[in-house]
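Trainee: Could you look at this predicted model? Sequence included:
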Amino acid sequence: MLSLEQERMDDAKVVSRILEREASYASRRTWPEENNLSRQLLRAFRSR
């Protein structure tokens, strides 16, 4: 079983990856459906 600390680090990695991807979308001024997906993912992380 993963330790809580390890789990938090993994979560942080996932979230930062999502944010990086959103930033690249923003710079291209495109907001594909995938962007909604990352919003939902972020919401899921916050609500845990």
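Mentor: Received it, and whenever you're ready, just let me know what you need.
Trainee: where in the protein is pLDDT low?
Mentor: Within the chain, the segments meeting pLDDT under 70 span 1, 26-35.
Trainee: hey, which helix is longest across it?
Mentor: The longest helix of the chain (DSSP state H) is helix 4-28.
Trainee: List the buried residues for it?
Mentor: For helix 4-28, the neighbour count (16 or more other Cβ atoms under 10 Å) marks Ile18, Glu22 as buried. C-beta here means a position set from N, CA and C on the backbone, and glycine is covered the same way.
Trainee: Return the list of helices and strands in contact with that helix.
Mentor: helix 33-47 (3 or more Cβ pairs under 8 Å, 6 or more residues apart in numbering; DSSP states H and E).
Trainee: Now find how far off-centre the helix it packs on is within its chain.
Mentor: 7 Å (Cα atoms, centre = their mean, to the nearest Å).
Trainee: contacts for it?
Mentor: Contacting residues not belonging to helix 33-47 are listed as Asp11, Val14, Val15, Ile18, Arg21, Glu22, Tyr25 [Cβ atoms under 8 Å, 6 or more residues apart in numbering].
Trainee: For those residues, give me TSV that also has distance to Leu41.
Mentor: Converted to TSV, the contacts of helix 33-47 look like this (distance: Cβ to Cβ, whole Å):
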residue	distance to Leu41
Asp11	11
Val14	8
Val15	8
Ile18	6
Arg21	10
Glu22	10
Tyr25	14
